[in-house]
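# Have a look; sequence and predicted model below, questions after that.
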Amino acid sequence: MKKPFLYLADPRLKLILVMLYTAAFFCPVSATRYALLLVPVLISGFITCGFRQFLSVFKLILPLIILTAILTPLFSGIHETVRIILRFIGITALFFLYFKTTDSDEFIQTLRFFGMPYRLALVISISTSYIPLLLETWHDAQAAHKLRYTENCPPVSRWNFIARFCSILPVLSSVLIQAVKSIPTLAMALEIRGVGKAKPTVFRPIPLKKPLYLQLLLYFIPITVIILILVIYAA
Amino acid sequence: MPSILSVKNLSFRYPSYPGLESKPLFNNLSFDLEKGSMTVFLALPGAGKTTLSRILTGLVPAYTGGELSGSIEKNGTTGIVFQNPDEELFCSTAEKEVVFPLENAALPREEIAFRADMAFQKTGIEYLRFKKPIHLSGGEKRRLLISVLFATDPDIWILDETLEEIDILGREEILSFLKKSGKTILILTAKMLDVYKKYADNFIVYSGDYSLDEPLPDEETIKALEGNTFQNPLLKVENIRFTYPDSDFTLSIDQFVLAQGKTTAVIGTNGCGKSTLSRIIAGLLVPAAGKVLLFGAEGGAEKLNRNCSYLFQNPDYQLFLPTARAELEYGLKLQKLCAAEIEEKVHKAIEVFGIEHPDAPPVLMSYGQRKKLQAAIYWLLEKKIVIIDEADSGISSKEYRQIIDAFKSSQANPAILVITHDIKLASQVADKIFRMGAL
């Protein structure tokens, strides 16, 4: 199956756009302009991941959005609240899409391309590649904990949010224990793989599936111009 | 033959923690490995095999602390495969796992490509090259880690309970390659696999009784057990189809049944879908098509969850409380049992499963002890179906059989599903053997 465009885009250009976009979400412009900035991000997200999977990302940050929607108007007004929520959604979507469509090996090479020292780039890359691993651990721990209930246990109502929240705590504890336990073993694994002993070779340099200038023309320059018009020119 | 590794008077002790006084390990252990030999180090679970493997690779006590005495002389480099593969895999693709140490050694690209191709070919997992390691089965992960050793080519290979979860043909292939490679191999294990007798040059029995040489069951015995028909099935799987997202693997099973009080062993090659089938039965995965009938009716995922015990390959997913005793009590508390009843049941479980330190944090217990704890947790829940998914690494065959027997003789009289690569075990414990994939 053919992969959506974001998978094929150059990871260096994507990273520049993510940074540019993030900066734009902090510029002092109206909520309408934030919403306009958000539109291409959301469209790219739906094309890349499909409607349901992309929406599930926002389910994770929904509690924070609700809290912001309740508390912020009391201190900063409705307009500022909308701006904060749009900014939050925008940045979450941007980074989700970047890491969803960029291999950790490409990411590490991108960081090194921009001059980051190898070890620091490796640490950042491993940290980010651990997120899917933690998610996987979360799913496994959740499955294991589900099986600790029997037919004799009282059923938990779908609407009993306190009980549902409490049932998350054992899963969270198991995942945290797993994550903390993995620190020394990961360090051991890195040592036996010879990290830091010599300047490493790059086996597969960042693949340029389309010429860089074409990518610049196709999306990088147009998106940059749109951001500049929406944010800097308007300001 | 000259010695490539010489261990003299080795003793070690981990730092002690509250509730878990560390015990001295090895007690002046001495042995030598001849260059090019294959040695199997047999010891009971908890005897310190993982610790020994990490001492020999210089990781312990550097990362753990503890007191080490004695001497180790090495005339070559060492490579290791950890007991739990999940602790060692962190790259985005299987290929990246293999080339990562080669990149770190600053080898030229052509050399890396050559070694990676050779490694994948020798372990027979070329088809997994661009897969994510987290999506591989337990056996496939171990093959991948052996590929890393083939690629890095150390002089001494240390395999910590690596072959247990690899299918029978895979074990033969890998050991045959290792034997031909002329490398020095040290296999640390709690289980005497038949394949070791064929390839190993030396055996070191550190603890346990491995003198009983049970013969492999003959073909007729296995054939008589093969099949999957029971009167009055408790659980029936009909025409199920399941595909993981981003995967080309499809599980397709027309019929599979489990019956109360009967044990079914499922055997098959790595990655053929044994764990996937088990997860569907336990209600942890929902098939795209087909039905799972429990007591003759479809009850949905929650009903299956509540009636199934599942001993995962990794016991740590469900451990979260500060002591082993609290873990055992937790499931009973969810059932709102009274304190006296809980205490009595937990006491019995500790006795049946031989939990050595019930008041110690599970996180500090040995891998084998954590597996026993996981089994004891489910034994207490008395569910109708018990799934034991390749849970035999880290525990001896005898202990594994004891676990299965404990479930067989439990009050719930459950239907038991054992996933294993051990045909001997399957023929001994199972009423029926169900084959998946090609063997």
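Received the coordinates, thanks.

# The longest helix along chain A: what's the following helix or strand?
Criterion DSSP state H: the longest helix present in chain A is helix A:51-101. Elements were assigned by DSSP states H and E; along the chain past helix A:51-101, the next helix or strand is helix A:104-113.

# returning to what we had before: and the longest helix of chain A with chain B, contact?
No - counting by Cβ under 8 Å from any Cβ of the partner chain, no contacts exist between helix A:51-101 and chain B, the nearest distance being 8.9 Å. From N, CA and C alone the C-beta is placed, and that goes for glycine too.

# tell me the mean pLDDT over that helix?
Here the mean pLDDT over helix A:51-101 is 90, rounded to a whole number.

# Which residue is the nearest non-sequential neighbour of residue B:342?
residue B:332 (4.5 Å; Cβ to Cβ, 6 or more residues apart in numbering or on different chains).

# How many residues are close by that neighbour?
Around residue B:332 sit 22 other residues, with neighbours defined as other Cβ atoms under 10 Å in any protein chain shown.

# Tell me which residues of the helix or strand harbouring it come out buried.
In the assignment (DSSP H and E), residue B:332 maps to helix B:324-334. Within helix B:324-334, the residues that count as buried by 16 or more other Cβ atoms under 10 Å in any protein chain shown are B:324, B:325, B:326, B:327, B:328, B:329, B:330, B:331, B:332.

# Can you lay out those as JSON lines showing pLDDT and distance to residue B:209?
Converted to JSON lines, the buried residues of helix B:324-334 look like this (pLDDT from 0 to 100; distance: Cβ to Cβ, whole Å):
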{"residue": "B:324", "pLDDT": "93", "distance to residue B:209": "27"}
{"residue": "B:325", "pLDDT": "94", "distance to residue B:209": "30"}
{"residue": "B:326", "pLDDT": "93", "distance to residue B:209": "34"}
{"residue": "B:327", "pLDDT": "93", "distance to residue B:209": "30"}
{"residue": "B:328", "pLDDT": "95", "distance to residue B:209": "29"}
{"residue": "B:329", "pLDDT": "94", "distance to residue B:209": "34"}
{"residue": "B:330", "pLDDT": "92", "distance to residue B:209": "35"}
{"residue": "B:331", "pLDDT": "91", "distance to residue B:209": "34"}
{"residue": "B:332", "pLDDT": "92", "distance to residue B:209": "35"}
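
# JSON lines for those, including distance to residue A:4?
JSON lines is the format used below for those (distance: Cβ to Cβ, whole Å):
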{"residue": "B:324", "distance to residue A:4": "48"}
{"residue": "B:325", "distance to residue A:4": "52"}
{"residue": "B:326", "distance to residue A:4": "48"}
{"residue": "B:327", "distance to residue A:4": "45"}
{"residue": "B:328", "distance to residue A:4": "49"}
{"residue": "B:329", "distance to residue A:4": "50"}
{"residue": "B:330", "distance to residue A:4": "44"}
{"residue": "B:331", "distance to residue A:4": "45"}
{"residue": "B:332", "distance to residue A:4": "50"}
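
# Return the member of those residues nearest to chain A.
Taking Cβ to the nearest Cβ as the measure, residue B:331 is the one of the buried residues of helix B:324-334 closest to chain A, at 4.9 Å.

# Give me the pLDDT for residue B:19.
Among the per-residue scores, residue B:19 holds a pLDDT of 68.

# So if we follow the domain assignment, how does chain A break up?
The record assigns chain A these domain ranges, following automatic domain parsing: A:5-102+A:207-232, A:118-193.

# Just put those domains in TSV and tack on mean neighbour count.
As requested, those are exported to TSV (neighbours: other Cβ atoms under 10 Å in any protein chain shown):
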stretch	mean neighbour count
domain A:5-102+A:207-232	15
domain A:118-193	16
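
# Among the ones you listed, which comes closest to residue B:138?
When the domains of chain A are compared for distance to residue B:138 using Cβ to Cβ, the nearest one is domain A:118-193, at 12.3 Å.

# would residue A:220 count as being in a strand?
No - counting by DSSP: H, G, I helix; E, B strand; the rest coil, residue A:220 falls outside a strand, being helix.

# How about the secondary structure of the closest residue to it other than its chain neighbours?
Leaving aside its chain neighbours, residue A:220 sits nearest to residue A:13 (5.0 Å; criterion: Cβ to Cβ, 6+ apart). Three states are possible here, and by three-state DSSP the one that applies to residue A:13 is helix.
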